[in-house]
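Novice: Here is my input; please provide its structure:
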Amino acid sequence: MLRKYISIVLLFSYSLLYGSSGFEYSGVMVTATTPDKREKHYVVKRNIPKECKKIPITNKMLWTGNFAHEDVPEACKSTYVHTKGKLLPMQLDLDLETYGELEVLLFLREMQHNQNMLLIDSRKEKWFKYRTIPGAVNMPFHYFKERENYEFHFEYALKHLGVFIEKNGEYDFSRAKTLVLFCNGPWCSQSPDMIFALLKIGYPAEKLKWYRGGMQDWLGAGMTSTRE
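Specialist: Purely as a prediction, here's the structure:
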């Protein structure tokens, strides 16, 4: 019964995503808080330079040499380091959904009007400040993975997630928020480490979503980031 319900929800979500013509190009208006506590507005979308729209999609144009033909303008190329980490599976837990770019974009849109939803950049602060997805909040993974060494940060972060520690030491997840977590790419273990740490303390798996592609896939797809 639960699987049938999940399938119906997924089908409905996909109909919203793929039924929205040009959704990734029209974008989503997001209000984000900068590190210096100012509000900044972004239109999060797929940013394709005009000169790139005229390039024919052929094997020669897309895959020559280092993945792009010499005739392709520099503005149309996306190349990022992919030689770090270890590739991770598509699914971390049976009850935990894995997201792609369109699912993250839809989540961002709904998050603007729902305080019970959070997009979380689980990387360390210097990575977050350099470049992230607009609207994401920074909760470094090691605050959760090594919570014994970061007790204050861990408990403060939990309150932001809607989780409270009772007097007997038990966790109250009755107001836990729905989260989408990401890090640097499909080879980055930081967001999985945070997810596993949350699952270990009892965080509901159905309220955890994993954007496996992370910043590498986000930027590779030409999506808006906080670094202009």
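
Novice: quick one, strands of this structure?
Specialist: For the chain, applying DSSP state E gives strands covering 28-33, 39-44, 97-99, 117-121, 137-138, 164-165, 171-172, 178-182, 208-211.

Novice: Now render the ones you listed as CSV, adding mean neighbour count.
Specialist: Yep, even glycine has a C-beta here, placed from its N, CA and C like the rest. Formatted as CSV, the entries for the strands of the chain read as follows, by neighbours: other C-beta atoms under 10 Å:
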stretch, mean neighbour count
strand 28-33, 16
strand 39-44, 14
strand 97-99, 18
strand 117-121, 23
strand 137-138, 16
strand 164-165, 14
strand 171-172, 14
strand 178-182, 24
strand 208-211, 24
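
Novice: Hmm, F67 is touching T79, no?
Specialist: Yes: the pair F67 / T79 is scored as a contact, 7.1 Å apart, by C-beta atoms under 8 Å.

Novice: How confident is the prediction for T83, by pLDDT?
Specialist: Reading off the confidence values, T83 has pLDDT 80.

Novice: again but with Y203, I slipped
Specialist: Among the per-residue scores, Y203 shows a pLDDT of 97.

Novice: Can you give me the first-to-last residue distance of stretch 136-149?
Specialist: The first and final residues of stretch 136-149 sit 24 Å from each other (C-alpha to C-alpha, to the nearest Å).

Novice: Return the distance of it from the chain's centre.
Specialist: Counting by C-alpha atoms, centre = their mean, to the nearest Å, stretch 136-149 is centred 16 Å from the centre of its parent chain.

Novice: what does it contact?
Specialist: Stretch 136-149 has contacts (C-beta atoms under 8 Å, 6 or more residues apart in numbering) with 32-33, 118-125, 128, 132, 150, 153-154, 157, 160, 182-183, 190-191, 193-194, 196-198.

Novice: same thing but at 7 Å, please
Specialist: With C-beta atoms under 7 Å, 6 or more residues apart in numbering as the test, stretch 136-149 has contacts from 118-125, 128, 150, 153-154, 157, 190-191, 193-194, 197-198.

Novice: do the same with stretch 56-63
Specialist: Counting contacts by C-beta under 7 Å, 6+ apart, the residues outside stretch 56-63 that touch it are I55, A68, H69, V72.

Novice: List buried residues within those.
Specialist: Restricting the contacts of stretch 56-63 to buried positions leaves A68, H69, V72, with burial counted as 16 or more other C-beta atoms under 10 Å.

Novice: And the pLDDT for P89?
Specialist: Per-residue confidence at P89 stands at 92 (pLDDT).

Novice: Please report how far it lies from R212.
Specialist: Distance of P89 to R212, given as C-beta to C-beta, to the nearest Å: 9 Å.

Novice: Which one's more surrounded, those two?
Specialist: Remark: of P89 and R212, R212 carries more neighbours, 23 against 9, as counted by other C-beta atoms under 10 Å.

Novice: for the chain, which spans come out with low pLDDT?
Specialist: Within the chain, the ranges that satisfy pLDDT under 70 run 1-21, 228.

Novice: Between the strands of the chain, which one is closest to R109.
Specialist: Go through the strands of the chain one by one with C-beta to C-beta and the one that ends up closest to R109 is strand 28-33, at 4.3 Å.
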